[in-house]
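Undergrad: mind folding the following:
(one chain, ligands or ions: 2)
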Amino acid sequence: MADALLPVEDAISRITQDVLPTPPETVPLGMALNRILAEPLAARRTQPPFDVSAMDGYAVRAADVATVPAHLTLIGSAPAGHAFEGLVGPNQTVRIFTGAPVPEGADAVLLQEDAVVDPDGRIRATEAVRLQQHIRAKGLDFVEGQVLLPTGTRLGMRQLSLAAALNHGDIPVRSRPRVAIIATGDELVPPGSALGPNQIVASNSFGIAALVETLGGTVIDLGIVSDDRAKLADAIDRATASGADILVTLGGASVGEHDFVREVLMDRGMDLDFWKIAMRPGKPLMFGRLGPMRVLGLPGNPVSSLVCALLFLKPLMQRLLGLPLLDETEFAELGAPVRENDKRQDYVRASLVDLPDGRHIATPLPRQDSSMLSTFAQALCLIVRPPFAAAEAEGAPCRIIRLP
Ligand SMILES: Nc1nc2c(c(=O)[nH]1)N[C@H]1C(S)=C(S)[C@@H](COP(=O)(O)OP(=O)(O)OC[C@H]3O[C@@H](n4cnc5c(N)ncnc54)[C@H](O)[C@@H]3O)O[C@H]1N2
Ligand code: MOO
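TA: Ligands and ions are numbered 1, 2, ... in the order given. Below is the predicted model:
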């Protein structure tokens with residue numbers, strides 16, 4: 001019987017439908033790197049809170065220094081953090097430093113380099129000033145109550161500094177989605193092992209875990225499980241007990257006698273949504289629900305599992321984080337001709353050159369075997385070739401997904 005293969009876009013919408021965001025939690029600002037805001041953050045203060053000097057120099061009345069030389073009487077000093085409480089009167093000046101409040105009466109700052117202290121102690125301006133010169137007006141950056149970080153913002157270096165400046169010490173963020181990972185296969189051993197004959201190193205879970213953590217999730221690593229139904233059932237039960245939002249299984253997804261991941265999951269109560277999709281690599285992808293846990297069964301071939309994680313696990317996690325799903329494909333030009341495609345949407349590992357004229361040239365790498373991590377690590381993008389796409393010449397437009 002011919003396989004009924006689900007289109008990739010349908011698979012993504014089935015995986016991401018009806019996903020509720022994880023509950024919010026509050027974390028200290030210093031722990032909020034890469035987390036997603038669960039509520040908007042508004043300014044709790046106005047910045048700057050008063051007119052401040054942007055330079056080291058002298059607070060003056062601009063009208064007094066409209067022409068030079070101008071002679072001013074020094075009546076005090078205002079370092080940052082200390083206001084000069086008096087009034088700057090006509091032909092008076094106050095020594096001022098960057099960040100200090102501009103004293104009442106002053107409406108400009110004369111740059112220190114444009115001032116000379118005369119022998120009689122008076123200040124002589126050698127350059128005229130403009131009204132408001134070198135003054136940062138109160139509220140220049142933001143005013144109290146202004147929302148600057150909307151819900152759904154990912155907190156990176158700039159956003160964290162802004163949150164701090166808004167005077168937030170604790171931040172409401174989405175709880176990290178919890179992703180349990182089970183690698184399956186008698187042949188698998190952890191990296192760094194002394195390999196016996198017929199053994200291979202389990203590599204996929206490291207890439208999947210990196211993606212989960214980069215997106216802001218927590219990994220529950222349930223290790224390597226041999227091709228044994230009872231052991232697999234036990235690992236699945238541990239995933240359920242862990243309260244994982246998502247279970248990712250690696251391998252055992254195909255049609256061989258040892259590929260029973262789907263059967264054991266269904267024995268444990270999984271409601272299968274689909275198995276097998278029209279894509280290359282990654283045809284045996286499986287998706288279902290086991291109680292509240294979403295289950296993604298990824299193929300064992302390393303490139304297949306990582307490409308499937310980018311295409312399906314990532315949007316699922318984005319939904320759990322309350323984020324919108326964006327089309328991440330971009331236009332590029334083929335750097336070499338390609339053959340016509342069959343019924344599976346192809347994700348072709350390719351090099352990518354961004355030219356100064358704004359064009360992007362994506363060239364398929366010579367070997368596309370889904371076991372080859374060396375080419376996958378070298379690739380900079382995936383060229384997306386829809387099912388039954390015609391053969392294309394070098395220079396033809398194509399869609400690409402940049403690889404992280
Ligand atoms: N008769 C058919 N055979 C296969 C089909 C098919 O449609 N009919 N599909 C092929 C495709 S496409 C893929 S993809 C693979 C996927 O199969 P499985 O998910 O069952 O994967 P395994 O057989 O368990 O492993 C495949 C390959 O990958 C290695 N592997 C597994 N897990 C890991 C890991 N965690 N880290 C690194 N490498 C791993 C494993 O040793 C195998 O070499 O099926 C095709 N067959
Ligand atoms: O889909 Mo398999 O992933 O072609 O190797």
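Undergrad: contacts, neighbours, all on C-alpha from now
TA: Fine.
Undergrad: now the farthest one out in this structure, which residue is it?
TA: Centroid-distance maximum for the chain: residue 120 at 60.5 Å, with Cα atoms, centre = their mean.
Undergrad: next one: phi and psi at that residue?
TA: Dihedral pair for residue 120: phi -80, psi 0, per degrees, to the nearest 10.
Undergrad: distance check, residue 342 against residue 279.
TA: Distance of residue 342 to residue 279, given as Cα to Cα, to the nearest Å: 10 Å.
Undergrad: who's more crowded, these two?
TA: residue 279 (25 against 16; other Cα atoms under 10 Å).
Undergrad: that one reaches residue 10, doesn't it?
TA: No - if you go by Cα atoms under 8 Å, residue 279 and residue 10 don't touch, sitting 11.7 Å apart.
Undergrad: looking at it, residue 272 is touching residue 266, isn't it?
TA: Yes - under the criterion of Cα under 8 Å, residue 272 makes contact with residue 266 at 7.1 Å.
Undergrad: residue 249 bridge partners, please.
TA: residue 182, residue 297 (DSSP bridges).
Undergrad: around it, count how many other residues there are.
TA: Residue 249 has 27 neighbouring residues, counting by other Cα under 10 Å.
Undergrad: how does the protein divide up, domain by domain?
TA: With domains defined by automatic domain parsing, the chain comprises 8-22+175-320, 24-47+141-174, 52-136, 329-402.
Undergrad: how about the contacts made by residue 93?
TA: Contact analysis of residue 93 by Cα atoms under 8 Å, 6 or more residues apart in numbering lists 58-61, 72-76, 106, 123.
Undergrad: ranges for the helices of the stretch 1-150 of the chain?
TA: 8-16 (DSSP state H, counting those that start in this stretch).
Undergrad: try the stretch 201-350 of the chain
TA: Going by DSSP H, counting those that start in this stretch, the stretch 201-350 of the chain shows helices at 204-215, 229-241, 261-267, 302-308, 314-320.
Undergrad: just the CA coordinates of the second one, formatted as PDB?
TA: Right, helix 229-241. Once non-C-alpha atoms are left out, helix 229-241 reads as follows in PDB (Å, rounded to 0.1, in the frame of the first residue of the first chain):
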ATOM      1  CA  ARG A 229       9.700  -2.600  24.500                       C
ATOM      2  CA  ALA A 230       9.600  -2.800  28.300                       C
ATOM      3  CA  LYS A 231      12.600  -0.500  28.700                       C
ATOM      4  CA  LEU A 232      11.100   2.000  26.300                       C
ATOM      5  CA  ALA A 233       7.700   1.800  28.100                       C
ATOM      6  CA  ASP A 234       9.500   2.600  31.300                       C
ATOM      7  CA  ALA A 235      11.300   5.600  29.800                       C
ATOM      8  CA  ILE A 236       8.000   6.900  28.400                       C
ATOM      9  CA  ASP A 237       6.400   6.600  31.800                       C
ATOM     10  CA  ARG A 238       9.300   8.600  33.300                       C
ATOM     11  CA  ALA A 239       8.700  11.300  30.700                       C
ATOM     12  CA  THR A 240       5.000  11.400  31.700                       C
ATOM     13  CA  ALA A 241       5.900  11.500  35.400                       C
END
